[in-house]
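Q: What follows is a protein structure lacking sequence information:
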């Protein structure tokens, strides 16, 4: 897409003229994209005050080195080689602890379905949430692994992007027949479907560094370097595919309007896939090593990702640790936030440890004629000097090592205040620490984690909008099942979910039924339909029939609850469920069996199912409240003792 054309002494371009010479319209579009590419690269390489006068690339490299505990141990002076040069990896350890707290659950958004009159439909809201949960399953996409990596990247990078893409790629397979082997085109299950690729800070180019909302960017460019064969599966049928070469870029020259080939030294065996998107003009065009891969009509290249109202969107979302300033697009990474303290901690560690080495192996000065070396210096040795003038004197004066260790403790405290404390990280508190102090430290750490969680939740909301669009445009529409004469038989996809985390899970089936389109059912008809479904699917599976036309007409507002980022273990659920069991024991709207099952699971996990009675005899109870069980009271007391001061 962009490169330098060298010239000889006569001012002529040294590179060879490319075989690829497109039309004037394509060449003009290529020039526009090239200018946006240059503008995006300037934003990446320009020093920014918000990043401490570092460029985005420099801040990314600095954060990556710090998170990966990089240490430059090379020294030109051989007399300095004995010194300890390393890192205590304090920033990395805090980053891993922060990542563990932010990824206790895979965060997914919730949805609020609204019709044209802004009336909320809870059933459609739940169905959309279930479909998104189905899309995020490891068997259906790479969302969960990408979510783990995106949080890791946010700790060390000024920005990381998560894409929401849907592909239908085909591969050629060989099928054995009676005559031999025939080639057949089949859907490539690996490359097709919903995908959540990760783009680094340098892989997405923007046009305005002071616009946070990526949908308001005039244009963005997605770039990545891909294997030739993978791109062939996506673009192999395009007329310009024959011009694509590994490691060879076609560069447009303004002076003569021609394209020239230059060698890509950094990626000699790969192909650069660079996609230019302009939302306002509804244009999306891909270039492979500078070769145009769009429609022959340059005006007919609409953005592929669209919502259910057919409005175009950029299908990438930025993620980061915390915002900087009022309008700056990029984030402050955790490595940036604790960077100075981490450098000070390592510098003090180097001073203290090197001094400790000298204290243990103290250099000495010997005066006199007697020989004093390792032959006489060893544990429990007794040495008699012949020369009465022989003296052994340490070269180093006495040092105050406690000052160095105090400085280390203060620096570590400063790093902890900007991240997570030791207890949250999984370490036991000191015996001298009071329970109140520990609880206060945990509360402060949770506030810090909550602030970072809100930043991630903001991105999750935007990403949920993209996932919702893919669900409406690709997963809930009918597919051609077979051709019957001149008619097509359509088939809707079904979604199967199994609720996990309980002693007895339940299966849920979401089925889009075309017979419901344009149909209104009375209460009697609904009841009759439910009886039919009960006979067909049984009691062990919950089935939800959805009107596909009505479901697609609704608008869905995306929300994200940051509380989902914090794991609620048995210590949390035991007293809560015990109180609920006492309060709701006579509530006719609550399933007593399921409530009992969840209470037993919080104590005994899967073995709690053995305590359940198959056919319980339900007796009539009074309206008096059931007394709280002793074991539940013990759980509550334990929870309170952890939160209240001693």
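A: That came through fine. Values in this document were obtained by computation on a predicted structure and should not be read as measured data.
Q: what's the pLDDT at residue 539?
A: Residue 539 carries a pLDDT value of 63.
Q: for the one 4 residues further on, same thing?
A: In this model, residue 543 is scored at 82, pLDDT.
Q: Flag every buried residue along stretch 248-255.
A: Neighbour counts over stretch 248-255 (16 or more other CB atoms under 10 Å) mark 248-253 as buried. Every C-beta, even on glycine, is put in place using the N, C-alpha and C of the backbone.
Q: In strands, which of those residues fall?
A: Among those, DSSP state E puts 248-252 in strands.
Q: for the residues you listed, which one is nearest residue 54?
A: Comparing those against residue 54 with CB to CB places residue 249 closest, at 28.6 Å.
Q: so where do the strands sit in the stretch 501-646 of the chain?
A: Remark: strands assigned in the stretch 501-646 of the chain by DSSP state E, counting those that start in this stretch are 507-512, 541-546, 555-559.
Q: returning to what we had before: with respect to residue 277, which of the buried residues of stretch 248-255 is nearest?
A: Closest to residue 277, out of all of these and judged by CB to CB, is residue 252, at 19.3 Å.
Q: Which residue is the nearest non-sequential neighbour of the closest one?
A: Closest residue in space to residue 252, ignoring its immediate chain neighbours: residue 30 at 5.0 Å, by CB to CB, 6 or more residues apart in numbering.
Q: From the contact counts, what lies against the helix or strand that contains the one you found?
A: Per DSSP states H and E, residue 30 falls inside helix 24-45. Counting contacts by 3 or more CB pairs under 8 Å, 6 or more residues apart in numbering; DSSP states H and E, helix 24-45 is packed against helix 56-67, strand 204-205, strand 220-226, strand 248-252, strand 271-278, strand 283-288, strand 291-292.
Q: sorry, back to before: what's the least confident stretch among the strands of the stretch 501-646 of the chain?
A: Looking at those, the weakest mean confidence is strand 541-546, a mean of 80.
Q: Would you check that residue 279 makes contact with residue 302?
A: No: if you go by CB atoms under 8 Å, residue 279 and residue 302 don't touch, sitting 10.7 Å apart.
Q: got any residues that touch both of these two?
A: Residues touching both residue 279 and residue 302 by CB atoms under 8 Å, 6 or more residues apart in numbering: residue 312.
Q: follow-up on the earlier one: buried stuff in the helix holding residue 30?
A: 26-27, 29-30, 33-34, 36-37, 39-41, 43-44.
Q: can you put these in JSON lines and add pLDDT and distance to residue 522?
A: Formatted as JSON lines, the buried residues of helix 24-45 follow (pLDDT from 0 to 100; distance: CB to CB, whole Å):
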{"residue": "26", "pLDDT": "94", "distance to residue 522": "59"}
{"residue": "27", "pLDDT": "93", "distance to residue 522": "64"}
{"residue": "29", "pLDDT": "94", "distance to residue 522": "57"}
{"residue": "30", "pLDDT": "93", "distance to residue 522": "61"}
{"residue": "33", "pLDDT": "94", "distance to residue 522": "58"}
{"residue": "34", "pLDDT": "93", "distance to residue 522": "63"}
{"residue": "36", "pLDDT": "95", "distance to residue 522": "58"}
{"residue": "37", "pLDDT": "94", "distance to residue 522": "61"}
{"residue": "39", "pLDDT": "95", "distance to residue 522": "61"}
{"residue": "40", "pLDDT": "95", "distance to residue 522": "59"}
{"residue": "41", "pLDDT": "95", "distance to residue 522": "64"}
{"residue": "43", "pLDDT": "96", "distance to residue 522": "60"}
{"residue": "44", "pLDDT": "96", "distance to residue 522": "62"}
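Q: Mind putting these into a markdown table with distance to residue 167?
A: Putting those into a markdown table (distance: CB to CB, whole Å) gives the following:
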| residue | distance to residue 167 |
| --- | --- |
| 26 | 24 |
| 27 | 29 |
| 29 | 24 |
| 30 | 25 |
| 33 | 22 |
| 34 | 26 |
| 36 | 24 |
| 37 | 24 |
| 39 | 29 |
| 40 | 24 |
| 41 | 27 |
| 43 | 29 |
| 44 | 27 |
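Q: Out of the residues you listed, which is nearest to residue 345?
A: Nearest member of the buried residues of helix 24-45 to residue 345, counting by CB to CB, is residue 44, at 29.8 Å.
Q: Pipe the helices and strands packed on helix 24-45 into CSV and attach distance to residue 109 per row.
A: Formatted as CSV, the helices and strands packed on helix 24-45 follow (distance: least, CB to CB, whole Å):
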stretch, distance to residue 109
helix 56-67, 27
strand 204-205, 22
strand 220-226, 22
strand 248-252, 40
strand 271-278, 23
strand 283-288, 25
strand 291-292, 36
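Q: thinking again about what came up before, nearest to residue 453, out of the strands of the stretch 501-646 of the chain?
A: Of all the strands of the stretch 501-646 of the chain, strand 555-559 sits nearest to residue 453, with 14.0 Å by CB to CB.
Q: returning to that earlier point: point out the most buried one among the helices and strands packed on helix 24-45.
A: Burial of those is given as mean neighbour count (mean count of other CB atoms under 10 Å); strand 291-292 ranks first at a mean of 26.
Q: quick one: average pLDDT of it?
A: Strand 291-292 shows a mean pLDDT of 96.
Q: same for that strand, what does it pack against?
A: With contacts defined as 3+ CB pairs under 8 Å, 6+ apart, the packing partners of strand 291-292 are helix 24-45.
Q: In the stretch 401-550 of the chain, where is pLDDT below threshold?
A: Residue ranges of the stretch 401-550 of the chain with pLDDT under 70: 417-448, 480-489, 499-506, 537-541.
Q: center of this protein, which residue is that?
A: Most central in the chain under CA atoms, centre = their mean is residue 150, positioned 2.4 Å from the mean C-alpha point.
Q: buried set for the helix or strand hosting it?
A: When elements are assigned from DSSP H and E, residue 150 belongs to helix 143-156. For helix 143-156, the neighbour count (16+ other CB under 10 Å) marks 143, 146-147, 149-156 as buried.
Q: again, but for stretch 357-375
A: Neighbour-count burial for stretch 357-375, counted by 16+ other CB under 10 Å, picks out 358, 370.
Q: Please apply the same query to stretch 467-482.
A: By neighbour count with 16+ other CB under 10 Å, stretch 467-482 contains the buried residues 467-476.
Q: now stretch 512-528
A: Applying 16+ other CB under 10 Å to stretch 512-528 flags 512, 516 as buried.
Q: wait, isn't residue 30 in contact with residue 294?
A: No: using CB under 8 Å as the test, residue 30 is too far from residue 294 to be in contact (10.3 Å).
Q: related to what we said a few turns ago, show me the one of the helices and strands packed on helix 24-45 that comes nearest residue 386.
A: helix 56-67 (56.7 Å).
Q: list the helices and strands the helix or strand just after the closest one packs on?
A: As assigned by DSSP H and E, the chain's next helix or strand after helix 56-67 is helix 90-102. If contacts are counted by 3+ CB pairs under 8 Å, 6+ apart, helix 90-102 sits against helix 56-67, helix 143-156, helix 334-337, helix 339-360, helix 401-417, helix 422-425, helix 435-470.
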